[in-house]
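K.L.:
Pasting a predicted model and its sequence here:
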Amino acid sequence: MAKGGSKISSRYRLSVLTGCVLLSIHLFLGIGKAEDVDRSMKGYGIPNVPPKAHYIIDCHIDPATKSLKGTEIIRLRNNSSRPIYQLALDWSLSNGQTVIITVNGRQISTLADSEQTDLISPILFELPVELPPGEQVELNLRFNQPFPPQRYGDKIRLTKWHPRLWWGFPTHDDFDVKIQVPRDYTVATSGRFDPESGYYHAEGVRSFGLFLGNNLQVMESNTGGVLVRCLFTPKGEECARLLLETALDVIDFYRKRFGFYPHRNLTIVPWQDSPAGGYPMATALVAIHGQERMSERPEIHWRWITAHEIGHQYWGEYVMEKDSPGWGWLVIGLGIWSDREYIRARGLGLAKHRAVMARYIKGVRKFLNTTVDRPPDQIAEVDFDFNNVVIHGKGYSIISALACLVGDETFDRICRRCLEDLAGRPLNTNEFQVVCEGESGQELGWFFDQWVRSNRYLSYQVTSQRCIKKNDRYVSEVQVECGGTLKMPIPVRAHFEDGTNQQQFTDRLLEVNLLRFESAAPLKEVRLDPDGELALVVPPPSIEALELSKEIDQIPLTGAGKQTLGLFTKAQKVNLADALLWGKLGLTLYDGKYYLEALEAFRHSAELLEREGSEWSFVPLVWQGHILDLLDNREEAIQCYREALRGDTGLTYSYKQWGMKINRKWIDKRLKEPFKRR
């Protein structure tokens, strides 16, 4: 461990850069001997995994002093074809955070000038003797650090809490961890506890996380050898029971779909108070928020977020992201697709997934640059919510479109191939494309170029349809036109009056497709993208709609009714496709007592929110009931209130300017008493 001043020397920077580049070239870029490429993936040219380490850690955590100290043994075998002479640790050095490294009883110094103290991660050191291929080295470390302030009371989350070998990207390693904490704290980790040894054990995990909660209770169960635990407060017990039940079902579903589950355990822990979703704290350790406020979200929310976080145990934890320093579009998209398949199989509806896709579609309508494949410095300069619009919204849209294109059976093979052969390897877009092409037998450069490497968008519409009788048969012709800049085959399903249906795909090379269906019964309806798998931007975005959106954004909610009449007419002409803007038009028109126009605006808003799968779609339905009550149409008003009640999600929407809180209680009251304007 270095001592002295705080300025990092140029020699140290050069050593880190040189050493890390050499490690990357030698071990992971596939440059060199053929044995560096795993045989099962040799045909794909994907390089082998880096050396796998085994960490044996004993640590002591004191929440009162916010300190953590421990000892660590790192066992590393050189599984490459070249010797290793330098290693790097993902660890920083300062007055409060230290590490002492010993190899064969000899203390090792970091490659920095002796007067240095503060060094940022990674820190580089030389081995006393180079490590030949096939040989093993054992590193002994002593470390300590003050852990950062925690945001949520007495719950403690620790992820980068111990020194770990650094290769420039995440890896899979084995862990045996023993933890000493005060008795009133409940512990959850990425490992499975062995009562005989007192260690938590985990094999092949991306990160070993720690969670400590004060006075929490635990419920647990097993499925197929996987131990599932859920930590909870007494107030959150009902929610925890639902999460545990769902987790067991999700793991069973994924095991059947993918052939296995990647870990021997999973622990669900509470985190922030608001029921806003969840996130993967570490491998086999996930947080689900707001369990004490279960009633504020419908059951589908809790089942979906459980499936979502468990999906990321495959995509993100087991098969890791290479293109992005964090969680990129590929593992996010595959994770969301996985939980969609669970939700679809259980018949729970796809509202959540339509809402994710809608984030991307809204970005297209605002003419945002949604190109996925961009260097980090360009992404850093983006002035919109890139994570929600592109990483999540477009990432899921890409994977969903790909699955639609190649078919369920082929896409399942693609997923299994990635999971079976790429475990422990960070996966990038190019490698994923190669796997997709290999399993589907198709050249897919045109798909990835448009969806991933460009800002193009998908827009197709049925522009005409007709059905004529020929002898005892019916011939239907359906015309489909491309109105966007992205071209791909689109499923078109024709439904007939005898209950049968037929499906065809359009030709991506044609701007206008004319599809012919022959049937025993007349044509009833035609559905484009019948399973809702494609991010269709219909109608296509227009500059007029964008400019109108800006105008609507600027008008006040009260006192602008007359001005809004003109904007309402424009919105109809340009076919405005923004639910929130239609809702704002409805409110300002209501304020100005232009009730018929307000009713139409709220109808547009409700339709678009329903299409997007928004949990707020019940609100414009309630407003339609208000307007109909004011127009003395009580019968239709009641129908709107009842429909709103069916779509109620337990949320409350407040309108302070009118003293309203629209929720289930408000709707129940409106069913008994007509709405009257104050």
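P.N.:
The structure has been received and is ready for your questions. Not measured: the values here are computed from a predicted model.
K.L.:
what's the domain layout of this protein?
P.N.:
1-61+71-148+159-171, 320-451, 460-528, 543-672 (automatic domain parsing).
K.L.:
Can you say which of those is nearest to Asp249?
P.N.:
Among the domains of the chain, domain 320-451 comes nearest to Asp249, with 7.8 Å by C-beta to C-beta. Just so you know, the C-beta spots here come from the backbone N, C-alpha and C atoms, and that holds for glycine as well.
K.L.:
And the closest one, how far out from the chain middle?
P.N.:
Chain-centre distance of domain 320-451: 10 Å, with C-alpha atoms, centre = their mean, to the nearest Å.
K.L.:
Serialize the domains of the chain to a markdown table and add fields for mean pLDDT, distance to Phe193 and mean neighbour count.
P.N.:
Output for the domains of the chain, formatted as a markdown table (pLDDT from 0 to 100; distance: least, C-beta to C-beta, whole Å; neighbours: other C-beta atoms under 10 Å):
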| stretch | mean pLDDT | distance to Phe193 | mean neighbour count |
| --- | --- | --- | --- |
| domain 1-61+71-148+159-171 | 72 | 14 | 17 |
| domain 320-451 | 92 | 24 | 19 |
| domain 460-528 | 96 | 49 | 15 |
| domain 543-672 | 91 | 36 | 18 |
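K.L.:
Let me have those in CSV, adding distance to His289 as columns.
P.N.:
Formatted as CSV, those follow (distance: least, C-beta to C-beta, whole Å):
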stretch, distance to His289
domain 1-61+71-148+159-171, 17
domain 320-451, 15
domain 460-528, 35
domain 543-672, 15
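K.L.:
Need the three-state assignment for Ala601.
P.N.:
Using DSSP: H, G, I helix; E, B strand; the rest coil, the structure places Ala601 in helix.
K.L.:
Provide a list of residues in contact with it.
P.N.:
With contact set as C-beta atoms under 8 Å, 6 or more residues apart in numbering, Ala601 has these partners: 568, 571, 582-583, 585-586, 589.
K.L.:
switch the cut-off to 10 Å
P.N.:
Applying C-beta atoms under 10 Å, 6 or more residues apart in numbering, we find Ala601 in contact with 564, 567-568, 571-572, 576, 581-590, 594, 620, 623-624, 627.
K.L.:
so Ala423, which of the three states?
P.N.:
Here Ala423 is recorded as coil under three-state DSSP.
K.L.:
How much space separates the closest residue to it other than its chain neighbours from Leu509?
P.N.:
Take Ala423 and drop its neighbours on the chain: the residue closest to it by C-beta to C-beta, 6 or more residues apart in numbering is Tyr318, 5.6 Å away. As for Tyr318, its distance to Leu509 is 38 Å (criterion: C-beta to C-beta, to the nearest Å).
K.L.:
next SSE after the helix or strand containing Thr71?
P.N.:
Under the criterion of DSSP states H and E, Thr71 resides in strand 67-77. Per DSSP H and E, strand 67-77 leads on to strand 84-89 as the next helix or strand towards the C-terminus.
K.L.:
Which neighbouring elements make contact with the following helix or strand past that next one?
P.N.:
Later in the chain than strand 84-89, the nearest helix or strand by DSSP H and E is strand 98-103. The helices and strands touching strand 98-103, judged by 3 or more C-beta pairs under 10 Å, 6 or more residues apart in numbering; DSSP states H and E, are strand 67-77, strand 84-89, strand 106-108, strand 123-131, strand 136-146.
K.L.:
Would you mind measuring from Leu124 to Leu165?
P.N.:
11 Å.
K.L.:
got a list of what Gln97 touches?
P.N.:
Going by C-beta under 10 Å, 6+ apart, Gln97 touches 68, 91, 118-119, 143-147, 163.
K.L.:
same check, this time on Ser440
P.N.:
402, 405-407, 410-411, 413-414.
K.L.:
which one among the residues you listed gets closest to Gly209?
P.N.:
Ile414 (29.3 Å).
K.L.:
helix or strand for the closest one, which one?
P.N.:
Going by DSSP H and E, Ile414 is in helix 408-421.
K.L.:
what does Met281 give?
P.N.:
strand 278-282.
K.L.:
Give me the distance between the closest residue to Glu612 other than its chain neighbours and Gly134.
P.N.:
Excluding the flanking residues, the one nearest Glu612 by C-beta to C-beta, 6+ apart is Ala358, at 3.7 Å. Distance, Ala358 to Gly134, using C-beta to C-beta: 53 Å.
K.L.:
how close does Phe208 get to Tyr185?
P.N.:
On the measure of C-beta to C-beta, Phe208 and Tyr185 end up 18 Å apart.
K.L.:
Same check on Thr246?
P.N.:
For Thr246, the distance to Tyr185 equals 26 Å [C-beta to C-beta].
K.L.:
quick revisit: closest one to Arg297 among the domains of the chain?
P.N.:
Closest approach to Arg297 among the domains of the chain is made by domain 543-672 (6.0 Å; C-beta to C-beta).
K.L.:
In contact with Ala644, which residues?
P.N.:
Counting by C-beta under 10 Å, 6+ apart, Ala644 makes contact with 606, 617-625, 662, 664, 666-667, 670-671.
K.L.:
So which residue is smack in the middle of the chain?
P.N.:
Ile332 (4.0 Å; C-alpha atoms, centre = their mean).
K.L.:
is it true that it lies in a helix?
P.N.:
Yes. If the criterion is three-state DSSP, then Ile332 is within a helix.
K.L.:
quick one, what contacts it?
P.N.:
Going by C-beta under 10 Å, 6+ apart, Ile332 touches 311-312, 315-316, 321, 324, 326, 356, 387, 390-396, 399.
K.L.:
What of Ser190?
P.N.:
Going by C-beta under 10 Å, 6+ apart, Ser190 touches 159, 175, 177, 200-202, 205-211, 263, 265-267, 281-285, 317.
K.L.:
With Leu216 instead?
P.N.:
If you count contacts by C-beta under 10 Å, 6+ apart, Leu216 has them with 154-155, 184-188, 230-234, 236, 240, 269-270.
K.L.:
So what does the most far-flung residue of the chain relative to its centre look like in phi/psi?
P.N.:
In the chain, counting by C-alpha atoms, centre = their mean, Asn471 sits farthest out from the average C-alpha position, at 53.3 Å. For Asn471, the backbone dihedrals are phi 60, psi -120 (criterion: degrees, to the nearest 10).
K.L.:
Next, the residue nearest to Glu612: secondary structure please.
P.N.:
What three-state DSSP gives for Ala358 is helix.
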